[in-house]
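Colleague: all I have is the shape, not the residue letters:
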Ligand code: AMP
């Protein structure tokens, strides 16, 4: 964003719909309105009470040490074991027979049921095997796996012995894996021969072989046999079934300091090498467990929870592994994609296992919207009582579709704002408290102090836009960037002294509720007005023919930047008809005003997205400005840019 002193982002869109929380949810809600007031009056006492959800070997003597800000310590002096908290204590409480995971493989009828007792035995075996392989406390272990139970087991086994895991998403290349291994000096890689993806086995081991060939620090590669495909075998390779299956299922967990590192998760920076976000044990586990219980109104005895993210992302860490297991609930773990072997696969799984809480990303919701409502209608989804969304702003139209088509018109939608860096939910409605507004993440959670500020760091008044910041430290916050304290300070704490700057634009509406407006790097400046990508995209998605939209600012002689939109149509809209572009431009004018009217709109078959589903607007900007398309290596599907460019040359674009 430019360094102008204009204080805020324009606040253009209006959304009048409101959804009160369902009466039955209110009546038995885990969290009531008064918790906000309690947390506000004594934030640290609130987090101390949240910490009671865990079992501590030694109680902390100071809840927060912020003397060396921005390097914070939570639950100072406390000791605990994350794996014990996620597994053993549930077995000790008599819940060993309870299902921890219903694992669903991508090939149909390939399922496993894993109880808490099963999980404990397997985690203990793996912990013993890791120790036998020479892994000890503080060592780094890279995990490069498909979505199989052994992935969870590997993470918990590391946590159990105090080793630091770094899970690298299985869709990443050998280069990405090698860079991450090198950055954190990992000594072991845990992988599989392959996994199933869109109906076929997809190899993982060759990428590991390539990466390990360049990483002399790796002592061993522990390999799970998942697909049975042929793989090359080197002298560092060890089969999981040879060492883990034969290890003892007895293992006594050691308690570690609350600030002992739990994991490093790499997230791409805008420039340069990926950032290794470091999370530690106590505070991270407290906030992921509390938010999982509060935001989803989790009833561990009866709920069946499903987070559809990949474990390779922070969402999978906090809301497939650590939050749900710390809370002792039953979850679904699904290996595959939503449309294999058919587009109703997710809803079939919801019906079969009686899923009650479902958590996914807006990109997936919009894909389902594009395929049409008749697909979920073929399944009984009446078990669903709370829905969640994460990763991007959920456009109001996608929110309402999700609530209606998936949530039966009654399940409240929790739009959760957070980041790899924040470790756990930060801004979200609460299902038994909040009257939801489609498109708004609403309020900072109890114990979390967020604000929207102008260029000078002053709080903006209600009704205005600016930069999203966090004003006070929070338990699950990143502690630093692995090996780079200075970059940690520069990236997050230098823009506004004393505040964490998240990199997102946001606005407060007239009630003070928060609307996320996209990354500030993506903000457009049209004739001196700062426009948010999110608002214009949401206006486009509210047109009945549009399923997805991405908006960028392209250089323009008269207005500085001009709004250029890329849209994917819903399947039932066909090719949209001859006037679709004019209709959409008109629609944006009506929804938010002439200033936001796209100068051109391109109908495209796909949008460029990262592997975690976020739209890469930078590449679209290259197209809009007729430049050579920049680095596209982090795209989930690298052919997308070719599809977009060939669509353009076939004359779908329209300009004034
Ligand atoms: P990551 O750390 O990769 O999960 O990405 C975090 C970023 O995703 C945030 O800084 C936001 O830009 C975006 N994001 C995540 N959740 C939301 C949400 N509920 N609404 C709007 N943006 C979101």
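Modeller: Good, I have the coordinates. Note that the structure is predicted; figures quoted are calculated from it, not measured. Numbers count the residues shown, from 1 in each chain.

Colleague: CA only for contacts and neighbour counts going forward, please
Modeller: Noted.

Colleague: now name the helix or strand holding the most centrally placed residue in the chain.
Modeller: Most central in the chain under CA atoms, centre = their mean is residue 315, positioned 3.8 Å from the mean C-alpha point. Residue 315 is part of helix 314-316, with elements assigned from DSSP states H and E.

Colleague: residue 392 contacts residue 365, correct?
Modeller: No - look at residue 392 against residue 365 with CA atoms under 8 Å: they stay out of range, at 11.3 Å.

Colleague: just to revisit the earlier point, roughly how far does the nearest residue to the residue nearest to the centre of the chain once chain neighbours are set aside sit from the ligand?
Modeller: Excluding its sequence neighbours, the residue lying closest to residue 315 (CA to CA, 6 or more residues apart in numbering) is residue 309, at 6.2 Å. Separation of residue 309 from the ligand (CA to the nearest ligand atom, to the nearest Å): 11 Å.

Colleague: can you tell me the SS state at residue 309?
Modeller: Following DSSP: H, G, I helix; E, B strand; the rest coil, the label given to residue 309 is coil.

Colleague: how about the contacts made by it?
Modeller: Residue 309 makes contacts with 315, 316, 360, 361, as judged by CA atoms under 8 Å, 6 or more residues apart in numbering.

Colleague: so how far is residue 390 from the last one?
Modeller: Which is residue 361. Remark: distance between residue 361 and residue 390 (CA to CA, to the nearest Å) = 5 Å.

Colleague: over to the first one?
Modeller: The span separating residue 315 from residue 390 equals 8 Å under the rule CA to CA.

Colleague: check residue 618 too.
Modeller: Distance, residue 618 to residue 390, using CA to CA: 21 Å.

Colleague: the two: who's more crowded?
Modeller: Taking other CA atoms under 10 Å, residue 618 and residue 390 do not tie; residue 390 has more neighbours (22 against 18).

Colleague: can you list the weak-confidence ranges in the protein?
Modeller: The model of the chain has pLDDT under 70 over residues 1-8, 11-12, 269-272, 647-656.

Colleague: got the domain boundaries for it?
Modeller: Domain assignment of the chain by automatic domain parsing yields the ranges 23-505, 523-655.

Colleague: pick the most deeply packed of these.
Modeller: Mean neighbours per residue, mean count of other CA atoms under 10 Å, is largest over those for domain 23-505, with a mean of 20.

Colleague: show me how far that one is from its chain's centre.
Modeller: Its chain's average C-alpha position is 8 Å from that of domain 23-505, according to CA atoms, centre = their mean, to the nearest Å.

Colleague: so which helix or strand takes in residue 101?
Modeller: strand 99-104.

Colleague: can you give me the angle the very next helix or strand once past that strand makes with strand 99-104?
Modeller: The first helix or strand that comes after strand 99-104 along the chain, using DSSP H and E, is strand 111-115. With axes from the mean of the first three to the mean of the last three CA atoms, to 10 degrees defining the directions, strand 111-115 sits at 170 degrees from strand 99-104.

Colleague: partners of strand 111-115, with directions?
Modeller: If you go by DSSP bridges, strand 111-115 pairs up with strand 99-104 (antiparallel).

Colleague: residues making contact with the partner strand?
Modeller: The contact list for strand 99-104 (CA under 8 Å, 6+ apart) reads 110-116, 119, 148-149, 325, 328-335.

Colleague: which residues does residue 136 contact?
Modeller: Counted by CA under 8 Å, 6+ apart, residue 136 has contacts 130, 161, 162, 163.

Colleague: which of these sits closest to the ligand?
Modeller: Checking the contacts of residue 136 against the ligand with CA to the nearest ligand atom, the nearest one is residue 163 at 22.9 Å.

Colleague: residue contacts, the closest one?
Modeller: Contacts for residue 163 (CA under 8 Å, 6+ apart) come out as 135, 136, 137, 138, 139, 140, 141, 262.

Colleague: show me which pair in those residues is furthest apart.
Modeller: 135 and 262 (14.6 Å; CA to CA).

Colleague: follow-up on the earlier one: in helices, which of the contacts of residue 136 appear?
Modeller: Under the assignment DSSP state H, those contribute 130, 161 to helices.

Colleague: including distance to the ligand, could the contacts of residue 136 go into JSON lines?
Modeller: Below are those laid out as JSON lines (distance: CA to the nearest ligand atom, whole Å):
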{"residue": "130", "distance to the ligand": "29"}
{"residue": "161", "distance to the ligand": "27"}
{"residue": "162", "distance to the ligand": "24"}
{"residue": "163", "distance to the ligand": "23"}
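
Colleague: around the ligand, pick out the residues from the protein.
Modeller: 390-393, 415-420, 502, 504, 516, 518-519 (CA under 6 Å from any ligand atom).

Colleague: for residue 352, phi and psi?
Modeller: Phi and psi for residue 352, reported as degrees, to the nearest 10, are phi -60, psi -40.

Colleague: gap between it and residue 555?
Modeller: Distance from residue 352 to residue 555, by CA to CA: 51 Å.

Colleague: other residues contacting stretch 475-490?
Modeller: With CA under 8 Å, 6+ apart as the test, stretch 475-490 has contacts from 47, 70-72, 74, 184, 264, 275-280, 282-288, 421-424.

Colleague: ends of it, how far apart?
Modeller: Using CA to CA, the two ends of stretch 475-490 sit 21 Å apart.

Colleague: kindly report the same for stretch 428-440.
Modeller: Taking CA to CA, stretch 428-440 runs 8 Å from one end to the other.

Colleague: what's the answer for stretch 63-83, then?
Modeller: Start-to-end span of stretch 63-83 (CA to CA) is 22 Å.

Colleague: please apply the same query to stretch 331-347.
Modeller: Start-to-end span of stretch 331-347 (CA to CA) is 15 Å.

Colleague: list the contacts of it.
Modeller: By CA under 8 Å, 6+ apart, the residues outside stretch 331-347 that reach it are 99-106, 146-149, 196-199, 304-308, 320, 324, 371, 375-376, 379-381.

Colleague: output the contacting helices and strands for the helix or strand containing residue 209.
Modeller: Using DSSP H and E, residue 209 maps to helix 205-213. Counting contacts by 3 or more CA pairs under 8 Å, 6 or more residues apart in numbering; DSSP states H and E, helix 205-213 is packed against helix 174-184, strand 188-192.

Colleague: OK, contacts around residue 179?
Modeller: By CA under 8 Å, 6+ apart, residue 179 has no neighbours at all.

Colleague: go again using 10 Å as the cut-off
Modeller: Contact analysis of residue 179 by CA atoms under 10 Å, 6 or more residues apart in numbering lists 185, 211, 214, 215, 273, 274.
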